[in-house]
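Undergrad: got a structure for you, letters missing:
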């Protein structure tokens, strides 16, 4: 299944790229399911992120590897995380993070996500929850990087 969400923020692509820190990652976590960050190396090729989802006997590890990062000729910064160990029912996870220059200034943060469970019907059923998990990030991104037309906050200086 493929999902794309775009959020326009005031900061430049370089500022947004620099702002993808452990602190932002923690701030982006939705309230459900329960979430624990076990490891965050960063957003460069070869870095790993380890989290646990759930609680008690229903606690599942999730490990992602940053498989690519860089800057495209148009000034878009990007990194890609791919699931190595996934909680059920997920079998495939690839998440491209794009920080594209916006024509009128600022940046479009693009969440380009592919996931699969192995059952097309289940992929479709999960789509609204996946959409909600990533739509949750929009106001957080704007709090960190400013609303278009405003000066971006200094959170990228962390």
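TA: In hand now; what should we look at? Quantities reported herein were computed from a predicted structural model and do not represent experimental measurements. Numbering: from 1, shown residues only.

Undergrad: and the longest helix seen in the chain, which residues are buried?
TA: With secondary structure taken from DSSP state H, the chain has its longest helix at helix 120-135. By neighbour count with 16 or more other CB atoms under 10 Å, helix 120-135 contains the buried residues 123, 126, 130, 133-134. (C-beta placed from N, C-alpha, C; glycine too.)

Undergrad: Likewise for stretch 14-30?
TA: Buried-residue list, stretch 14-30, by 16+ other CB under 10 Å: 15-21, 24, 28-29.

Undergrad: Sort those by pLDDT and name the bottom one.
TA: Minimum pLDDT for the buried residues of stretch 14-30 is recorded at residue 29 (92).

Undergrad: ok, what's across the strand from the closest residue to that one other than its chain neighbours?
TA: Nearest residue to residue 29, sequence neighbours excluded (CB to CB, 6 or more residues apart in numbering): residue 35, at 4.6 Å. For residue 35, the beta-bridge partners are residue 53 (DSSP bridges).

Undergrad: Residue 35: neighbour count?
TA: Using other CB atoms under 10 Å, the number of residues around residue 35 comes to 16.

Undergrad: how far away is it from residue 26?
TA: 9 Å (CB to CB, to the nearest Å).

Undergrad: now do residue 126
TA: 24 Å.

Undergrad: do the same with residue 58
TA: Taking CB to CB, one finds residue 58 at 21 Å from residue 26.

Undergrad: Same question for residue 8.
TA: Distance from residue 8 to residue 26, by CB to CB: 23 Å.
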